[in-house]
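*Asks:* here are the coordinates; sequence isn't available:
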């Protein structure tokens with residue numbers, strides 16, 4: 001029932017949430033969400049190569065140093081305890097005392113030691129993992145890589161889709177991708193132009209930090225007989 005004076009069929013106004021300026025809870029999720037860079041916007045110049053752990057060289061060097069140091073310390077402790085020095089240390093000391101610096105054996109030993117030292121320095125200063133191509137970063141904190149063999153397979157699959165291409169060989173390097181194709185019909189210039197267009201698009205879609213340069217060559221298959 002309605003009270004006298006109250007209109008029938010009237011609707012009651014529901015309370016609404018009012019937006020107050022400066023209220024943090026009124027911000028929309030899209031405004032608070034950070035924009036994610038795309039492959040074209042990613043900072044590819046700062047994406048470096050992957051560094052190898054160098055476990056095998058490090059383990060070999062550690063074992064050699066550990067064995068040599070342990071043997072030398074054992075011999076020194078034995079001499080301090082009143083025992084004679086080991087035969088190898090006496091022979092090494094006598095040999096170094098008798099040989100001159102211009103001796104051939106001294107040059108060979110110094111050359112081997114210098115080569116090993118340069119090899120270890122090279123391993124320490126170079127990243128390694130040459131089979132991994134760094135990709136552009138489209139997520140913060142994510143460093144992705146693409147295997148060179150997989151990248152070559154992608155380019156080969158795109159190349160064989162071009163009309164006139166019979167077979168393709170792709171050599172994928174860190175700086176250049178060499179494509180060698182055989183065309184059994186169509187003009188070679190037309191096939192080369194289509195291959196360049198298709199492969200340039202495929203390289204962009206790989207999302208690499210430093211896209212390799214393309215080198216495309218198209219030939220006729222050898223005649224049989």
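*Replies:* That came in fine, so what should we check first? Worth saying up front: this structure is predicted, and the values here are computed from it rather than measured.

*Asks:* residue boundaries of the helices in this protein?
*Replies:* Listed in chain order, the helices of the chain (DSSP state H) span residues 29-32, 55-80, 87-98, 104-125, 148-160, 188-206.

*Asks:* Dump those helices to CSV, plus mean neighbour count, distance to residue 172 and mean pLDDT.
*Replies:* All C-beta spots, glycine's among them, are computed from the backbone N, C-alpha and C. Rendered in CSV, the data for the helices of the chain read as follows (neighbours: other Cβ atoms under 10 Å; distance: least, Cβ to Cβ, whole Å; pLDDT from 0 to 100):
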stretch, mean neighbour count, distance to residue 172, mean pLDDT
helix 29-32, 7, 40, 41
helix 55-80, 11, 25, 87
helix 87-98, 10, 50, 81
helix 104-125, 11, 24, 86
helix 148-160, 17, 4, 93
helix 188-206, 16, 10, 93
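
*Asks:* Out of those, which is closest to residue 131?
*Replies:* Taking Cβ to Cβ, helix 148-160 is the member of the helices of the chain nearest to residue 131, at 5.1 Å.

*Asks:* Just the residues contacting the closest one, thanks.
*Replies:* 130-133, 165, 167-174, 177, 179, 181, 195, 198-199, 201-203, 206, 208 (Cβ atoms under 8 Å, 6 or more residues apart in numbering).

*Asks:* let's see it at 7 Å
*Replies:* By Cβ atoms under 7 Å, 6 or more residues apart in numbering, the surrounding residues in contact with helix 148-160 are 131, 133, 165, 168, 170, 172, 177, 179, 181, 195, 198-199, 202, 206.
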